[in-house]
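Participant: No letters, just coordinates:
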């Protein structure tokens, strides 16, 4: 192995990356769905453990199911942090519900025990929402009602211990300030580019309005596991249903004709609050963007990266500013291109190619695979499909 191997796991419409460094330290960025963990991530982690590796950081970029569901299963399966069943995990970064809510002054005033009426309403809403979501049961079992945060705490894992207010967020405003803002995790230096306090507050406001609508103007914040789980489900239901929308002219086989075909759908508050990080290991520099909007942080980018994970599975709008501002040797696009989301958009691919990105990696095949292969020589790029391991 060279200095780093990227395990680019098939995660359906989601994200799951494991960075395996020559130092035998690993960083996990998102865990996909439950099936991702069971079929892909768990066997890999067992293999890494047997090689003497440990996880120095588990990063969950945001609360969407296609990023966090596998992490819930992993931490539950791994058990106690001091005697893990699968692999040692030193730290976890994740912006959860309760600490996010605290950034709204209106919500902070409500931080007290909820009434028996609210508890009853919470139970009812939880049952309804669980029954509406795919692959969920309407039965409010103890298992269903544990949030990711609570599962971590019960098993002794440290969440956001590097941050004084226990929120993963950017605390600087300029590029020059960024240069002195890295956090040492094992042998890696990690810099948070997003979210800023503004994105945290906007997400908090969105949750506040959901609480008002569903629980009434007198609702109270509670640390009860069912209340926290209810908040998680509210966020899950905010997941974009049709964020990847293209005009019919995108059917052209000419890459130039793909420019201007996206309807440029906006990201929601959950996606905009995604954690975006730079990871530096020796001379190697990587950018992982979650589902964030690059408009919020493009001015903080370096001019060159070895690896960039394209945001939101290849939707155009969140990537435009990033593609105009920086260059990379390897671009990663994580999606199975299912009919439900139609990721990635062809305009994103055209912009990646026109920006001079030389190597484009997918973790699945796609219907337009042949078009991308046929255009490699003319446009000077290389494309790789179903690539689950990349050595750097």
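Facilitator: That came through fine. In this text the structure is predicted, and so the values were computed from the model without any measurement. Numbering: from 1, shown residues only.
Participant: residue ranges with poor pLDDT in the stretch 201-350 of the chain?
Facilitator: Scanning the stretch 201-350 of the chain with the threshold set as pLDDT under 70 gives 223-224, 236-252, 338-341.
Participant: Please, where are all the strands along it?
Facilitator: Remark: strands assigned in the stretch 201-350 of the chain by DSSP state E, counting those that start in this stretch are 276-281, 284-288, 304-309, 327-333.
Participant: unless I'm mixing things up, residue 192 is touching residue 276, no?
Facilitator: Yes: applying C-beta atoms under 8 Å as the test, residue 192 and residue 276 come out as touching, 7.2 Å apart. For the C-beta atoms, the positions are set from N, CA and C on the backbone; glycine is no exception.
Participant: who has more neighbours, the two?
Facilitator: Comparing residue 192 with residue 276 by other C-beta atoms under 10 Å, the one with more neighbours is residue 276, at 27 against 24.
Participant: so that one bridges to which residues?
Facilitator: As for beta bridges, residue 276 partners with residue 194 under DSSP bridges.
Participant: I'd like to know which elements the biggest helix by length in the chain is packed against.
Facilitator: Longest helix in the chain by number of residues (criterion: DSSP state H): helix 197-215. Contacts defined by 3 or more C-beta pairs under 8 Å, 6 or more residues apart in numbering; DSSP states H and E place helix 197-215 against helix 97-101, helix 105-108, helix 116-132, helix 225-237, helix 269-272.
Participant: if you set the cut-off to 6 Å instead, what comes out?
Facilitator: Helix 197-215 makes packing contacts with helix 97-101, helix 116-132, helix 269-272 when contacts are defined by 3 or more C-beta pairs under 6 Å, 6 or more residues apart in numbering; DSSP states H and E.
Participant: Can you list the buried residues in it?
Facilitator: Buried positions in helix 197-215, judged by neighbour count with 16 or more other C-beta atoms under 10 Å: 199, 200, 201, 202, 203, 204, 206, 207, 208, 210, 211, 215.
Participant: same deal with stretch 9-22?
Facilitator: 9-21.
Participant: So which of these is the closest to residue 74?
Facilitator: Of all the buried residues of stretch 9-22, the one with the least separation from residue 74 (C-beta to C-beta) is residue 16, at 10.1 Å.
Participant: residues contacting the nearest residue to that closest one once chain neighbours are set aside?
Facilitator: With sequence-adjacent residues excluded and distances taken as C-beta to C-beta, 6 or more residues apart in numbering, residue 16 is closest to residue 32, at 3.8 Å. Shown in contact with residue 32 (C-beta atoms under 6 Å, 6 or more residues apart in numbering): 11, 14, 16, 70.
Participant: Next up, the contacts around the closest residue to residue 296 other than its chain neighbours.
Facilitator: Once flanking residues are discounted, residue 296 sits nearest to residue 194: 5.5 Å by C-beta to C-beta, 6+ apart. Going by C-beta under 6 Å, 6+ apart, residue 194 touches 170, 276, 292, 296, 297.
Participant: redo that, cut-off 10 Å
Facilitator: Neighbouring residues of residue 194 by C-beta atoms under 10 Å, 6 or more residues apart in numbering: 61, 168-170, 272-277, 289-290, 292-294, 296-297, 300.
Participant: just checking, which of those belong to helices?
Facilitator: If you go by DSSP H, those have residue 272 in helices.
Participant: I figured residue 195 hits residue 171, correct?
Facilitator: No: using C-beta atoms under 10 Å, residue 195 is not in contact with residue 171, being 11.1 Å away.
Participant: Please say which of those two ends up with more neighbours.
Facilitator: residue 195 (29 against 13).
Participant: pLDDT at the more buried one, what is it?
Facilitator: Per-residue confidence at residue 195 stands at 96 (pLDDT).
Participant: just to revisit the earlier point, now do the shared contacts for residue 192 and residue 276.
Facilitator: Here residue 192 and residue 276 share the contacting residues 168, 170, 297, 300, scored by C-beta under 10 Å, 6+ apart.
Participant: For the last one, the count of nearby residues, please.
Facilitator: Other residues lying near residue 300 total 21 when counted by other C-beta under 10 Å.
Participant: same check, this time on residue 304
Facilitator: 10.
Participant: Now do the contacts for the residue nearest to it when sequence neighbours are not counted.
Facilitator: Closest residue in space to residue 304, ignoring its immediate chain neighbours: residue 327 at 5.3 Å, by C-beta to C-beta, 6+ apart. Residue 327 is in contact with 301, 302, 303, 304, 305, 308, 355, 356, 357, 358, counting by C-beta under 10 Å, 6+ apart.
Participant: mind running it again at 8 Å?
Facilitator: 303, 304, 305, 355, 356, 357 (C-beta atoms under 8 Å, 6 or more residues apart in numbering).
Participant: Restricted to buried residues, select the residues you listed in ChimeraX.
Facilitator: Burial among these is assessed by 16+ other C-beta under 10 Å; the matching ChimeraX selection reads:
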select :305,355,357
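Participant: Residue 331: which of the contacts of residue 327 is nearest?
Facilitator: When these are compared against residue 331 (criterion: C-beta to C-beta), the nearest one is residue 357, at 4.8 Å.
Participant: Which helix or strand contains that closest one?
Facilitator: Residue 357 is part of no helix or strand, with elements assigned from DSSP states H and E.
Participant: Enumerate the beta-bridge partners assigned to the spatially closest residue to it that is not a sequence neighbour.
Facilitator: Of all residues not flanking residue 357 in the chain, residue 331 sits nearest, at 4.8 Å (C-beta to C-beta, 6+ apart). Residues in a beta bridge with residue 331, per DSSP bridges, are residue 308, residue 360.
Participant: how far away is residue 331 from residue 263?
Facilitator: The gap separating residue 331 from residue 263 is 22 Å, by C-beta to C-beta, to the nearest Å.
Participant: more crowded one of those two?
Facilitator: residue 331 (27 against 14).
Participant: is it true that that one touches residue 353?
Facilitator: No: the criterion here is C-beta under 8 Å, and residue 331 misses it with residue 353 at 9.7 Å.
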